[in-house]
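Student: sequence-free structure coming up:
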């Protein structure tokens with residue numbers, strides 16, 4: 001897009017506060033109200049990553065109209081009210097303002113229709129704006145339109161900084177628009193990974209990560225913005241590291257996680273440090289370094305303890321349990337599993353990090369299944385894997401495929417080939433939507449175990465169908 005398009009913006013009126021929404025919050029803090037929003041979302045099967053910052057943006061008028069997922073949640077929380085009653089602008093008026101502001105025709109990229117065709121539960125919508133200037137609107141559309149592939153490739157307003165870096169031009173100092181875009185990029189990657197797996201995303205996600213660190217190097221206009229940039233860059237490094245991890249690029253993943261850890265320590269960010277160590281523990285387990293997995297998980301718990309999130313401590317205990325299982329230390333593994341369950345039963349809280357939205361009962365069961373599988377207790381592993389698959393929200397296809405693949409493998413190794421073949425068939429049904437080297441590798445292992453049982457009912461059909469799969473790149 002020509003630079004003149006960006007620089008010719010006319011000043012916009014400042015956002016108007018939303019006193020109606022503020023009255024609905026009452027005496028609750030923004031964090032308490034955000035927790036209520038997340039609980040209401042779970043009641044109706046929605047998944048939103050609401051936090052105190054989001055509530056603040058709504059009350060400040062920065063979000064004039066919520067996306068469809070938030071709309072359903074708010075109308076569930078306040079039955080009988082309309083969006084207008086809640087202080088929001090009509091959706092049609094928000095669309096109209098943006099079309100007039102940019103001066104673009106609807107045919108030029110079709111930003112509104114393209115984005116409206118996304119999954120109805122998509123928590124990130126064009127109408128959630130970070131600021132009201134033309135530059136941010138134009139960049140944000142580059143970020144969010146044209147479907148999952150382009151979103152993963154460009155990841156939005158960061159694209160101009162990337163272009164500047166590639167051209168050898170200095171990157172301008174970052175403001176709240178860039179910080180918001182960076183945070184949105186992290187959410188977008190997580191959402192796409194949940195639905196489709198990592199293989200198709202990793203290479204496309206590395207460019208915005210380079211851009212994020214270029215923004216850090218350029219500096220920020222305010223300290224609060226700098227803190228958001230450090231946190232966002234670290235979280236993006238972890239997300240990109242996870243894409244490398246899940247697609248079998250362990251050396252790349254290790255590098256990205258180490259970069260996130262260094263960023264956390266530069267900014268004295270305990271939450272980011274705990275997250276980085278959490279993923280490092282998971283990677284060490286998968287890479288066959290169980291003792292490192294235990295130590296990284298314990299370091300994560302030390303960093304996380306002051307944060308006050310029982311759910312985070314539960315997940316970190318599971319990471320430690322995975323390391324103990326790799327060391328064949330059944331006692332250590334069982335003790336860590338008990339801690340994980342105890343913390344989990346304390347429930348969710350306002351202190352739970354946004355990135356932990358994936359961690360629920362299904363993930364708890366799935367990670368415990370992996371521990372028992374590593375210890376060779378196949379019946380117990382299959383029991384937990386089956387429970388994980390049954391509990392998993394079907395919208396999150398990647399995890400549903402993962403738990404089903406775990407179940408198929410545990411059943412095969414536990415001497416139940418017919419049931420294993422049935423579970424494997426369910427995974428094959430999902431592979432059209434999921435690209436994950438981890439799942440392909442698990443399924444290949446299951447097929448090898450089932451080869452001697454080809455004559456068993458259902459096994460031959462599974463092996464033939466699995467054998468016809470294209471090999472992952």
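Tutor: That came in fine, so what should we check first? Every value quoted in this text rests on a predicted model; they were computed, and no experiment measured them.
Student: buried ones in stretch 280-294, by neighbour count?
Tutor: Within stretch 280-294, the residues that count as buried by 16 or more other C-beta atoms under 10 Å are 280, 281, 282, 283, 284, 285, 286, 289, 290, 292, 293, 294. All C-beta spots, glycine's among them, are computed from the backbone N, C-alpha and C.
Student: among those residues, find the lowest-pLDDT one for me.
Tutor: Least confident of the buried residues of stretch 280-294 in the model: residue 286, at 92.
Student: show me the contacts for it.
Tutor: 245, 250 (C-beta atoms under 8 Å, 6 or more residues apart in numbering).
Student: switch the cut-off to 10 Å
Tutor: 245, 246, 248, 250, 253, 293, 322, 326, 370, 438 (C-beta atoms under 10 Å, 6 or more residues apart in numbering).
Student: ok, the second one touching residue 402?
Tutor: Yes - checked against C-beta atoms under 10 Å, the pair residue 246 and residue 402 is within contact range at 9.3 Å.
Student: of the two, who's got more company?
Tutor: The neighbour comparison of residue 246 against residue 402 (other C-beta atoms under 10 Å) goes to residue 402, with 27 against 24.
Student: so that one versus residue 258, what's the distance?
Tutor: To residue 258, residue 402 is 25 Å away according to C-beta to C-beta, to the nearest Å.
Student: with residue 268 instead?
Tutor: Counting by C-beta to C-beta - residue 268 and residue 258 are separated by 18 Å.
Student: who has more neighbours, those two?
Tutor: When neighbours are counted by other C-beta under 10 Å, residue 268 and residue 258 differ, and residue 258 comes out ahead with 14 against 10.
Student: dump the residue contacts of the more buried one.
Tutor: By C-beta under 10 Å, 6+ apart, residue 258 lies in contact with 237, 241, 276, 280.
Student: now render those as JSON lines, adding secondary structure and distance to residue 45.
Tutor: Shown next, in JSON lines, are those (DSSP: H, G, I helix; E, B strand; the rest coil; distance: C-beta to C-beta, whole Å):
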{"residue": "237", "secondary structure": "helix", "distance to residue 45": "32"}
{"residue": "241", "secondary structure": "helix", "distance to residue 45": "30"}
{"residue": "276", "secondary structure": "helix", "distance to residue 45": "31"}
{"residue": "280", "secondary structure": "helix", "distance to residue 45": "33"}
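Student: drop anything exposed from those.
Tutor: Buried by 16+ other C-beta under 10 Å: 237, 241, 276, 280, out of the contacts of residue 258.
Student: in TSV, list those along with distance to residue 415.
Tutor: Listed next are the buried ones among the contacts of residue 258 as TSV, based on distance: C-beta to C-beta, whole Å:
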residue	distance to residue 415
237	43
241	37
276	40
280	35
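Student: ok, of those, which one's closest to residue 308?
Tutor: Proximity of these to residue 308 (C-beta to C-beta) peaks at residue 276, which lies at 18.9 Å.
Student: quick one: low-confidence parts of this structure?
Tutor: 1-14, 91-175, 190-207, 220-221, 471-473 (pLDDT under 70).
Student: hmm, 50 instead?
Tutor: Within the chain, the ranges that satisfy pLDDT under 50 run 1-12, 95-170, 196-198.
Student: where does residue 395 sit: helix, strand or coil?
Tutor: Look at residue 395: counting by DSSP: H, G, I helix; E, B strand; the rest coil, its state is coil.
Student: hmm, it is touching residue 358, no?
Tutor: No - contact between residue 395 and residue 358 fails when scored by C-beta under 10 Å: they sit 12.0 Å apart.
Student: from the contact counts, what lies against whichever strand or helix holds residue 318?
Tutor: Element membership for residue 318, per DSSP states H and E: helix 310-326. Contact partners of helix 310-326 among helices and strands, from 3 or more C-beta pairs under 10 Å, 6 or more residues apart in numbering; DSSP states H and E: helix 270-286, helix 290-304, helix 330-345, helix 361-374.
Student: give me the angle between it and helix 290-304.
Tutor: Relative orientation of helix 310-326 and helix 290-304, computed by axes from the mean of the first three to the mean of the last three C-alpha atoms, to 10 degrees: 160 degrees.
Student: helix 310-326 versus helix 361-374: what angle between them?
Tutor: On the basis of the same axes, to 10 degrees, helix 310-326 is oriented at 10 degrees to helix 361-374.
Student: for helix 310-326, the distance to its chain's centre please.
Tutor: How far helix 310-326 lies from its chain's middle: 19 Å, per C-alpha atoms, centre = their mean, to the nearest Å.
Student: specify the angle between that helix and helix 270-286 in degrees.
Tutor: If you take the same axes, to 10 degrees, helix 310-326 sits at 20 degrees to helix 270-286.
Student: residue 361 against residue 387, yeah?
Tutor: Yes - with contact defined as C-beta under 10 Å, residue 361 reaches residue 387; the gap is 8.3 Å.
Student: which of the two has more residues huddled nearby?
Tutor: residue 387 (19 against 12).
Student: got the angle for the helix or strand encompassing the more buried one vs helix 361-374?
Tutor: For residue 387, the host element (DSSP H and E) is helix 378-391. Computed by the same axes, to 10 degrees, the angle separating helix 378-391 from helix 361-374 equals 160 degrees.
Student: helix 378-391 packs against which elements?
Tutor: For helix 378-391, the elements it packs on are helix 361-374, helix 397-413, helix 417-430, judged by 3+ C-beta pairs under 10 Å, 6+ apart.
Student: rewinding a little: which of the helices and strands packed on helix 310-326 sits most buried?
Tutor: Highest mean neighbour count of the helices and strands packed on helix 310-326: helix 270-286, a mean of 25 (counted as mean count of other C-beta atoms under 10 Å).
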